[in-house]
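Asker: Predicted model, plus sequence, below.
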Amino acid sequence: MPTALIIGASRGIGHELARQYRADGWRVIATARKQPDLDELAQLGAEPVALNVTNPESIAGLGWKLDDESIDAAWLVAGLYGPRHDGFPTQDEFDAVMHTNVLAAMRLLPIVAPLVAVRRGKLGVLSSRMGSIGGRGHGNASLYRASKAALNSVLRDTALAFGPHGATCIAFHPGWVQTDMGGSAADIPVDQSVRDLRATLAKAQPDANGTFLDHDGTPIPW
Ligand code: NDP
C-alpha cells in the first residue's frame, strides 16, 4: 500500500490531501498540532502525529516517529499568511511568518526527503505564486511573498541534495483556493486544487526535480 505523509493536515489543503489519499486507499500519516484535529484525522483513517512546525522538539519527535518509514508522496503544507495590513511588518509578525514558512522547512525537509528517496518517491512543498520573483506583478503582502521566495530556495537546495538519491522535490502553487487562508472569494474549490496537485505530483518524472509548478503542472518562473 503506498504511503503519504501530510504535514499540516488539520484543515484546508492539507486536510483535503489526507482525505483524498485515504479515499484512494493509501496509508496516510498526517500531522496537526491540536488534539481535536488529531482525533478527526484518526477518524478519517489516517495515522495522526502531533506536530507544531515552529517547535524544534516537536520536529525532533516527528523524526523519531518516522525513523523506519519510507514514503511515496510527502507534502509540506503548513503555512502562515501573516499580516494583511499595508504597513511594514513588525518583528513579531516577521518572526512568525518566516519561522512557519521557512525555518520549519529547513528543519523538516532534511528529515522527510531521505524517506521519500528510499522509495524513489515525490515531495511537494506548498509554496505560492506570490513567492515568484520573475513572475511578479504586484507588491502587496511583501512578508508572505518574501517567505515563499525563501521557501522556494530551501526547496531547490533540498532537490539538489536528495534528487540524486531518488527524491523528486517540487514547489507548488495550489491556485487561489477556497480555504481559511484563501477566503471565500478564491476561485478554486479545495477538492479541485488537491485533485490537480495529486495528479501533477503523481505524473512528475525525475526531471521535474527542483521545479516550481502550478497545480496543473504549468511551470512558474522562480
Ligand atoms: P489554511 O490557513 O487553511 O491552513 C493552514 C494550515 O497550516 C493549517 O493546517 C494550520 O494548522 C497549519 N499550520 C500553521 N502554522 C502551523 C504550525 N506552527 N504548526 C503546525 N501547523 C501549522 O491554509 P491553506 O490550506 O489555504 O494553505 C495551505 C498551504 O498552501 C500554505 O502553505 C499556503 O501558504 C499555501 N497556499 C495557499 C493558497 C490559497 O489560496 N489557499 C494560495 C497559495 C499558497 P492549525 O489548524 O493548527 O492552525
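Answerer: Done, it's in.
Asker: Return the residues of the chain in contact with the ligand.
Answerer: Within the chain, the positions near the ligand by C-beta under 6 Å from any ligand atom are 8, 10-14, 32-34, 51-54, 77-80, 100, 126, 128, 173-174, 176-177, 179-182, 186. Where you see a C-beta, it was placed from the backbone N, CA and C, and this is true even at glycine.
Asker: Write the ChimeraX selection for whichever of these are buried.
Answerer: In ChimeraX, the members of the residues of the chain next to the ligand classed as buried (16 or more other C-beta atoms under 10 Å) are selected with the following command:
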select :8,10,12,13,14,32,33,51,52,53,54,77,78,79,80,100,126,128,173,174,176,177,179,181,182
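Asker: Give me the subset of the residues of the chain next to the ligand that lies in helices.
Answerer: Per DSSP state H, helices hold the following members of the residues of the chain next to the ligand: 12-14.
Asker: Next, check the residues of the chain next to the ligand against the strands and list the overlap.
Answerer: Cross-referencing those against strands under DSSP state E gives 32, 126, 173.
Asker: So for stretch 25-43, mean pLDDT?
Answerer: Averaging pLDDT along stretch 25-43 yields 98.
Asker: should've said stretch 147-158
Answerer: Rounded mean pLDDT across stretch 147-158 is 98.
Asker: Return the member of the ones in strands among the residues of the chain next to the ligand nearest to the ligand.
Answerer: Proximity of these to the ligand (C-beta to the nearest ligand atom) peaks at L126, which lies at 3.6 Å.
Asker: what's near enough to touch that closest one?
Answerer: Counting by C-beta atoms under 8 Å, 6 or more residues apart in numbering, L126 makes contact with 13, 75-77, 79, 172, 174.
Asker: give me the number of residues near the nearest residue to G134 once chain neighbours are set aside?
Answerer: Leaving aside its sequence neighbours, G134 sits nearest to P221 (C-beta to C-beta, 6 or more residues apart in numbering; 3.4 Å). For P221, the neighbour count with other C-beta atoms under 10 Å is 10.
Asker: From the ligand, how far out is P221?
Answerer: Using C-beta to the nearest ligand atom, to the nearest Å, one gets 16 Å for the distance from P221 to the ligand.
Asker: And G134, how far from F94?
Answerer: Between G134 and F94 the computed distance is 24 Å (C-beta to C-beta, to the nearest Å).
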